[in-house]
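K.L.:
Predicted model and sequence below, questions to follow.
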Amino acid sequence: MSDEIVQTQLENGLTVLLKEIHSAPIISHWIWYRVGSRNEVPGKTGISHWVEHMQFKGTAKYPAGVLDQAISRGGGIWNAFTYLDWTAFFSTMPKDNIALPIDLEADRMQNSLFLPEEVESERTVILSEREGSENEPLFRLNEAIDKAAFDRHPYRFEIIGEKSDLLTLTRDDLYTHYRHFYAPGNAVLTMAGDFDTNDMLDRLTAAYQSVSARPVPTVTIQPEKAIPEERHVELSGPGDTTYLRIVWRAPAGRDPDIFPLAVLDSILTGPSSLNMFGSGSISNKTSRLYQPLVDQQVAIAFSGDYNATIDPYLYTITVIMHPDHDPQEAVRIIDEEISRIQSGDISEQELKKAVKQARALFAYGSENITNQAYWMGYTEMFASYSWFTEFVPSLNRVTVSDVAETASTYLNSAHRVIGIYRPYPGESEES
Amino acid sequence: MRNIQSIPGSDDILRTVLPNQIVLLARENSLSPSVVISGYLPGGSVLDPVDRSGLAIFLSLALMRGTETNSFEQIFRKLEDNGASLGFNAGFHSFSFAGQSLAEDLPTMLDLLSDILRSPIFPENHLTQIRDQILTTLAIRSQDTAEMASIAFDQALFGSHPYGRDKLGTPESVQSVTRSDLIRHHAQYFKPQGMVISIVGGIEPEKAADLVRKYFTDWEAGPQAIPNLPDFPKVTKPEKGSATHIEIPEKSQLDLVIGSIAPERKSPQYQPARLGNCILGEFGMMGRIGRVVRDENGLAYYAGSDVNCLPLGGSWEISAGINPENLDRTIDLIRSEIRKFVSTPVEPNELSDVQSYYLGRMPLQLESNTGIANELLSIERYQLGLDYLRQYSDIIRAVTREQILETAATYLDPDRLTLATAGTLRGKA
């Protein structure tokens, strides 16, 4: 599949990336804003996510409720995501109906109403969303770990925000945030699908030229280096299952160290997929940790995870413990395997496998047009589209010593957070 | 460039039956570098002995733990070294499998699939692992309010019908499954006849068929003890409404499921139920239910409805995640919407909206190899005909407001609803 794209910038500063794909009569339209929980301050956490919700609550032209129905009527799907570094809105439609999302995204870039009654109604919806997350032990553990892993950086707060902030944020706070960050110069539009590029550029120019240029916010956030020491977080709650989660500081998305980290992740815990749509997954039964953790019945399951972010974030290993074993046993096993990798005990076959796994995951993701447009914008948020096209070749260049060095640099036992969620003592082993 | 994803039909779907009665469906997607293999064999959880509930799922998980020719490690090396995946599961009426690989690895995949289906050896040490994994899954699930509300709803709605059984089993039944159970169950039900395999992606259908013949032709058909569908009872509506609550401590959110039974998949009321449900709790931001519960009253992050139509009937359920304090208010709002839904025809524009939605989204459903493979399996399972997807537009457009009202009134009685909740009621119950 061709990776050719056309990239341009409209007069108001909006960056546009287009990729023609004619495999199905579908077009996926995305708008990405460079704002996420990274742009928040204590007292106003969760504001980016709430603004994303308010974008569905109407403009004068498209009142609340009209938007959802119009997209569905056109046979489309749409949704939005607020992440650490960005907020994105997508619509994937049959190609004949693409005019609708183009028009409404241009409209809500500057005309969302933020009606006070809609703000209040959405406050309880978001509190409900948070309560749903709080039901999950791993959300609670993660919330505590993130606070231990970052001393000052906004990544220390969950994207949904602190409950106390969700209770006190005002309509004016939200609207100011919206006007500040939802400027065309702070946005990237990506489209993939069954269109003619020149024709589509004309249509986009016509639709978005009414959005006037505004100053692009300057953001200065000091990244945090390695976690200063080994830190421990322990929670307890109802249930019968013990969870272990270990995090280390990971390289930023545009740091070349992300590629050996991807290989390391694949070798240690099985490959992580960065696809958001239409991806397959690959099991991890031949990864390093499977035999000592699961085969030896110390753990029930485990996974590894990294993200491509603007500032250094976290590499995470999560373990669901076997009820008869203590998390400290899993920590020891993980340390032993990391130590082997740090000493260079890695085979060429393991490198080859990591590359083929990445190639397969990209192939699975490329079937889906929504996913193709996702990649164009996602990579633009922390690097550029070439990050995507160069991913597999970059992994191919990774050597044994690169992986060993990355493991030594990043997965250092003196610089991490160990988080454990334990059931209350005395709970039965079975439900 | 040629737009290759026209709607699949009889002229571009290959359907062939092997002498041992395996049915193969294949369709090419020449732009895709990968392939999807999916399919099923008759069987499933309805055949679980009463004291061995969860056996079909246990068996599915145990299949890949080693065969007469491939050890556990060899199986997963062949898969993971190639970036491929393969997995098994059990539904109520079948054992299913699904895999994905680069097109170049299809022969390896079919070779493995054939071996795993025919000669698993169920090593004892792996069975201990699987048992512990299922027990932990049950333990995690017992803390999941949405899952527990759904299970409580199914049990209350279906009662002693096989659909009321928990497919995963209970801690006691899972503990009691032995290697002999697995060997016996496998020998009894895993036969080629009735097996359906669907292959979609970057391979020509005839080449896919040649590969399936190569790896599956020598699997001989034999006696198979699967009861026919008519031998099972159909789902019936409970005589009265009920309310069940599962208390799970320290949960912020309460999950709620309200509903009743639904038509079977082959019923003429299936399409009216789907379209009606879409109006009730799916279209736009979760339909009428979403509008009332989420948008107008801000009571929930999610509130919508779903209709599940299985071979013997199914369930029509409205679900929501709410703060426990809002339970009564939410139930009143949902009940009132159901009352309206079963007594007044939907508006003409509501029907045309959902018809447009179902027809418009078809290209999205068919854009991936997995999407097409699943459609092919559904066509075979319910004998819809290879041109079903091409007739789909007419089928959807033929649904009327009156049919939706009649279907809704047949299945949803606002005064006889089954209600289940899970979470922390803090003394409210």
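P.N.:
Received the coordinates, thanks. Note that the structure is predicted; figures quoted are calculated from it, not measured.

K.L.:
what's near enough to touch the residue of the stretch 251-400 of chain B found nearest chain A?
P.N.:
Minimum separation of the stretch 251-400 of chain B from chain A (C-beta to the nearest C-beta) falls at residue B:360, amounting to 1.4 Å. The way it works is simple: take the backbone N, C-alpha and C, and place the C-beta from them, glycine included. Residues near residue B:360 by C-beta atoms under 8 Å, 6 or more residues apart in numbering or on different chains: A:73, A:74, A:75, A:76, A:93, A:94, A:97.

K.L.:
Tell me, how many residues neighbour the residue nearest to the second one when sequence neighbours are not counted?
P.N.:
In this case it means residue A:74. Spatial nearest neighbour of residue A:74, excluding adjacent residues (C-beta to C-beta, 6 or more residues apart in numbering or on different chains): residue A:97 at 3.7 Å. Close neighbours of residue A:97, defined as other C-beta atoms under 10 Å in any protein chain shown, add up to 18.

K.L.:
and what of residue A:394?
P.N.:
Residue A:394: 18 surrounding residues under other C-beta under 10 Å.

K.L.:
got the contact list for it?
P.N.:
A:256, A:259.

K.L.:
just residue A:215 next, same as before
P.N.:
A:183, A:185.

K.L.:
Doesn't it lie inside a strand?
P.N.:
No: applying DSSP: H, G, I helix; E, B strand; the rest coil, one finds residue A:215 to be coil, outside a strand.

K.L.:
From residue A:13, how far out is it?
P.N.:
10 Å (C-beta to C-beta, to the nearest Å).

K.L.:
how would you label the closest residue to residue B:246 other than its chain neighbours: helix, strand or coil?
P.N.:
Closest residue to residue B:246 apart from its sequence neighbours, by C-beta to C-beta, 6+ apart: residue B:422 at 4.2 Å. With three-state DSSP as the basis, residue B:422 sits in strand.

K.L.:
Would you confirm that residue B:422 contacts residue B:255?
P.N.:
Yes: counting by C-beta atoms under 8 Å, residue B:422 touches residue B:255, with 5.3 Å between them.

K.L.:
who touches both of the two?
P.N.:
With contacts defined as C-beta under 8 Å, 6+ apart, the residues shared by residue B:422 and residue B:255 are B:145, B:146, B:148, B:149.

K.L.:
Cross those residues against helices and list the overlap.
P.N.:
B:145, B:146, B:148, B:149 (DSSP state H).

K.L.:
which ones are touching the third one?
P.N.:
By C-beta under 8 Å, 6+ apart, the contact set of residue B:148 is B:141, B:142, B:246, B:248, B:255, B:422.

K.L.:
What subset of these is buried?
P.N.:
Buried members of the contacts of residue B:148, counted by 16 or more other C-beta atoms under 10 Å in any protein chain shown: B:142, B:246, B:248, B:255, B:422.

K.L.:
Can you pick out the ones from the residues you listed that are in strands?
P.N.:
B:246, B:255, B:422 (DSSP state E).

K.L.:
Count the residues that sit near residue 323.
P.N.:
Reading this off chain A. Residues near residue A:323, counting by other C-beta under 10 Å: 15.

K.L.:
sorry, should have said chain B
P.N.:
Residue B:323, neighbours per other C-beta under 10 Å, totals 17.
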